[in-house]
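[1] Sequence and predicted structure below; questions after.
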Amino acid sequence: MSRVKRGVTSHAKHKKILDAVKGQRGRRKNTIRIAKQAAEKAMQYSYRDRKNRKRTFRALWIQRINAAVRSIDWNLNYSRFMDGLNKAGIEVDRKMLSEVAIADIEAFKALVEKSKAALAA
């Protein structure tokens, strides 16, 4: 029976890990034992931060909407504005609201007026 040489498989595994940690500093980029740890930790961070990115962007959109609502003198804040939109039956997500507030202030003013009207009613 012929013997099995496993160098090709090991080399492929090592190459895969070393490709994943390319750009790291020190021994993390070229020593397989340390590179494995670095790659595993990087994957943990990327998993965690995919969740955090959603959180961060939502907070950014809310800050932009709040700033836009407060910038023009309507005596409104973010929570009252959103409450008015809900009462008016307008369903626009926060991402789109923040984009409208930045790009098209006239359309945003119309949304604010509808929100205020729904709050007054």
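    Great, that's in hand.

[2] Can you tell me how far S46 is from A39?
    10 Å (CB to CB, to the nearest Å). C-betas here are computed from N, CA, C, even on glycine.

[3] Those two: which has the busier surroundings?
    When neighbours are counted by other CB atoms under 10 Å, A39 comes out ahead of the other of S46 and A39, with 18 against 9.

[4] Skipping its backbone neighbours, what lies nearest the more buried one in space?
    Spatially, and ignoring its direct neighbours in sequence, A39 is nearest to A20 (4.6 Å; CB to CB, 6 or more residues apart in numbering).

[5] dump the residue contacts of that neighbour.
    By CB atoms under 8 Å, 6 or more residues apart in numbering, the residues touching A20 are A35, A39, A42.

[6] if I look at it, how far off is A110?
    For A20 relative to A110 (CB to CB), the value is 50 Å.

[7] Please name every helix or strand in contact with the one helix or strand A117 maps to.
    A117 is located in helix 105-120, with elements delineated by DSSP states H and E. For helix 105-120, the elements it packs on are helix 32-71, helix 78-88, helix 94-103, judged by 3 or more CB pairs under 8 Å, 6 or more residues apart in numbering; DSSP states H and E.

[8] Please compute how far that helix lies from its chain's middle.
    28 Å (CA atoms, centre = their mean, to the nearest Å).

[9] In it, which residues are buried?
    F108, L111, V112, K114, S115, K116, A118 (16 or more other CB atoms under 10 Å).

[10] Could I get the contacting residues of the fourth one?
    So the one you mean is K114. So K114 contacts G84, L85, A88, I90 (CB under 8 Å, 6+ apart).

[11] Apply 7 Å and report the result again.
    The contact partners of K114, by CB atoms under 7 Å, 6 or more residues apart in numbering, come to A88, I90.

[12] how much space is there between it and M43?
    46 Å.

[13] again, but for V100
    From V100 to M43 the distance is 37 Å (CB to CB).

[14] Show the end-to-end separation of stretch 71-91, please.
    Its first and final residues considered, stretch 71-91 spans 22 Å by CA to CA, to the nearest Å.

[15] Tell me the spacing between the spatially most central residue of the chain and A88.
    The centre of the chain sits closest to R53, judged by CA atoms, centre = their mean, with a distance of 2.8 Å. Separation of R53 from A88 (CB to CB): 31 Å.
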